[in-house]
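Novice: Sequence and predicted structure are below.
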Amino acid sequence: MTSTAKAPQPSGAATAHPEHLGHVIFIAAAAAMGGFLFGYDSSVINGAVEAIRSRYDVGSAALAQVIAVALIGCAIGAATAGRIADRIGRIRCMQISAVLFTVSAVGSALPFALWDLAFWRIVGGFAIGMASVIGPAYIAEVAPPAYRGRLGSFQQAAIVIGIAISQLVNWGLLNAAGGDQRGELMGLEAWQVMLGVMVVPAVLYGLLSFAIPESPRFLISVGKRDRARQILDEVEGDSVNLDARVAEIEHAMKSEHKSSFKDLLGGSFFFKPIVWVGIGLSVFQQFVGINVAFYYSSTLWQSVGVDPTDSFLYSFTTSIINIVGTVIAMIFVDRVGRKPLALIGSVGMVIGLGLEAWAFSYDLVDGKLPATQGWVALVAAHVFVLFFALSWGVVVWVFLGEMFPNRIRAAALGVAASAQWIANWAITASFPSLADWNLSATYVIYTFFAALSIPFVLKFVKETKGKTLEEMG
């Protein structure tokens, strides 16, 4: 005898407002600390690049691999985090990530060889990958539906704040060490302290994970319905029919289609066309060279004659611009739409990158760019970061979360995210060697990809603003 499962009665959760919104905000902010560590760890290496080159006497190619190797760990962590979280829970996953962050920070601060430093960066990268997946997933599962979008934006905000704080801390430590990345500080070289300071936010992340509840969705999946009801009561409020809400979640989990890699195959070129569009968005987001601004900006400014202390300050101001642009994107992404923002950002990036390429084409005079070109390069770098942050930095993730049909969404998002890590690695690993070859030509390459993103968006990317996920096909 067979029976068809009926959809549960509406629970009222979609429009409910929690009585203790402050508690819900605390939960989301605590989970977003993983994003803060993501941003902090991604950017903190910026302050150590030249010191590592000097300490271990390595060329640009080897140095680039040490900087970029963390991204290999990121890819592995991101690929495995979902499965780990489904087995042991979201909170345990966060705690594992916090422990790995802490161990990586200590190991990176006290390396005895270059390969040892590379190993600890892989460990830290694995933690970043886990945090980048678990944070948004946990917030989406715990946040009341009426607040999900705003609370979900905590993750991206935490990433850009982490980048800015790491640059500010690096600048402060460099000043304390007399402007020398290898100057003595607390019995170590300054760059070692920069990497070791990450212990503080890593431990805080771990402690906060003990203060927030497990995801109701996970608890229901392992049969702990009563505990799930308690947490739903805390975060969604008394106005919600809790029994109906639990039944709603159970029904959604049973009816979900577990997408697989096989579901993505089809079309003329291996993947379905929509999957290639997602891969294209991910690749363009990285191939404009945005991570050069966060991994290598101090090195870049020093290479054209800027004083090390000033170069760290410029890196910090770039991070502030990154935050401003991200806030602009969060305000306008639902008003203007995703596609117009992406196009505006692409045009702005072409202008910023093109001006940087022009400025860097001039020969150095006494080890410095001519005054006019120096100022143009500095302003253009900030323009580039601003236009990236108010567009592609946020919009790509919004697109990837919305553009795929329900039946392939999870698998397609996984492939697109993997493409993003690989593209990130390619840019990060290649920049030092490309810069040694021709810094101006390197920026011409990034300008070319920014320009190419315009026809790509116009021809292949469809607007998703105002559409339900079910309308995606």
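Specialist: It's in. Residues are numbered from 1 along each chain as shown.
Novice: P455: neighbour count?
Specialist: If you count neighbours by other CB atoms under 10 Å, P455 ends up with 10. Where you see a C-beta, it was placed from the backbone N, CA and C, and this is true even at glycine.
Novice: Verify the stated contact: E184 with A176.
Specialist: No. Under the criterion of CB atoms under 8 Å, E184 lies out of contact with A176, with a separation of 10.1 Å.
Novice: overlap in contacts of these two?
Specialist: A190 (CB atoms under 8 Å, 6 or more residues apart in numbering).
Novice: How about the backbone phi and psi for D307?
Specialist: phi -60, psi 140 (degrees, to the nearest 10).
Novice: Quick check: it vs H382, distance?
Specialist: Shown here: D307 relative to H382, a distance of 18 Å by CB to CB, to the nearest Å.
Novice: ok, now how distant is the closest residue to L21 other than its chain neighbours from E214?
Specialist: Leaving aside its sequence neighbours, L21 sits nearest to Y147 (CB to CB, 6 or more residues apart in numbering; 7.6 Å). Y147 is 19 Å from E214, where distance means CB to CB.
Novice: and if you look at G183?
Specialist: Looking at G183 against E214, where the rule is CB to CB, the gap reads 45 Å.
Novice: Show me which of these two is the more surrounded one.
Specialist: Applying other CB under 10 Å to G183 and E214 shows that E214 carries more neighbours, namely 19 against 16.
Novice: so who does the more buried one touch?
Specialist: Applying CB under 8 Å, 6+ apart, one finds that E214 lies in contact with 89-91, 227, 231.
Novice: let's see 7 Å
Specialist: For E214, the contacting residues are 89-91, by CB atoms under 7 Å, 6 or more residues apart in numbering.
Novice: out of the residues you listed, which are inside helices?
Specialist: 90-91 (DSSP state H).
Novice: Nearest to F399 among the contacts of E214?
Specialist: Closest to F399 out of these is R90 (24.7 Å), distances taken as CB to CB.
Novice: My read is that the closest one contacts I139, right?
Specialist: No. Under the criterion of CB atoms under 7 Å, R90 makes no contact with I139, lying 9.8 Å away.
Novice: list residues touching both of the two?
Specialist: With CB under 7 Å, 6+ apart applied, the contact sets of R90 and I139 do not overlap.
Novice: Mind listing what's buried along stretch 24-31?
Specialist: By neighbour count on 16 or more other CB atoms under 10 Å, the buried set for stretch 24-31 is 24-25, 27-31.
Novice: ugh, wrong one, I meant stretch 388-404
Specialist: Residues of stretch 388-404 classed as buried by neighbour count (16+ other CB under 10 Å): 388-400, 402-404.
Novice: Can you tell me which of the residues you listed is closest to W437?
Specialist: F388 (24.0 Å).
Novice: Next up, phi/psi of the closest residue to the closest one other than its chain neighbours, please.
Specialist: Distances taken as CB to CB, 6+ apart put I290 closest to F388, at 5.2 Å, once the chain neighbours are dropped. Geometry field for I290 lists phi and psi as phi -60, psi -40, criterion degrees, to the nearest 10.
Novice: so I290 makes contact with L386?
Specialist: No. If you go by CB under 7 Å, I290 and L386 don't touch, sitting 11.5 Å apart.
Novice: OK, contacts around Y40?
Specialist: Taking CB under 7 Å, 6+ apart as the criterion, Y40 is in contact with 162, 165-166, 198, 201.
Novice: how about 10 Å then?
Specialist: Contacts for Y40 were tallied using CB atoms under 10 Å, 6 or more residues apart in numbering; they are 33, 101, 105, 128, 158-159, 161-167, 169, 197-198, 200-202.
Novice: How about P111?
Specialist: Counting by CB under 10 Å, 6+ apart, P111 makes contact with 52, 55-56, 66, 117-121, 192, 195.
Novice: among those, which one has the lowest pLDDT?
Specialist: Across these, no position has a lower pLDDT than V66, which has 87.
Novice: where does this protein dip in pLDDT?
Specialist: Segments of the chain classed as low confidence (criterion: pLDDT under 70) are 1-20, 148-149, 237-240, 255-261, 267-268, 406, 410, 466-473.
Novice: tell me the strands in it, going along the chain?
Specialist: Counting by DSSP state E, the segments of the chain that form strands are 184-185, 188-189, 265-269, 271.
Novice: got those strands as JSON lines, with mean neighbour count and distance to D366 columns?
Specialist: As requested, these are arranged in JSON lines below (neighbours: other CB atoms under 10 Å; distance: least, CB to CB, whole Å):
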{"stretch": "strand 184-185", "mean neighbour count": "15", "distance to D366": "30"}
{"stretch": "strand 188-189", "mean neighbour count": "18", "distance to D366": "28"}
{"stretch": "strand 265-269", "mean neighbour count": "11", "distance to D366": "52"}
{"stretch": "strand 271", "mean neighbour count": "18", "distance to D366": "53"}
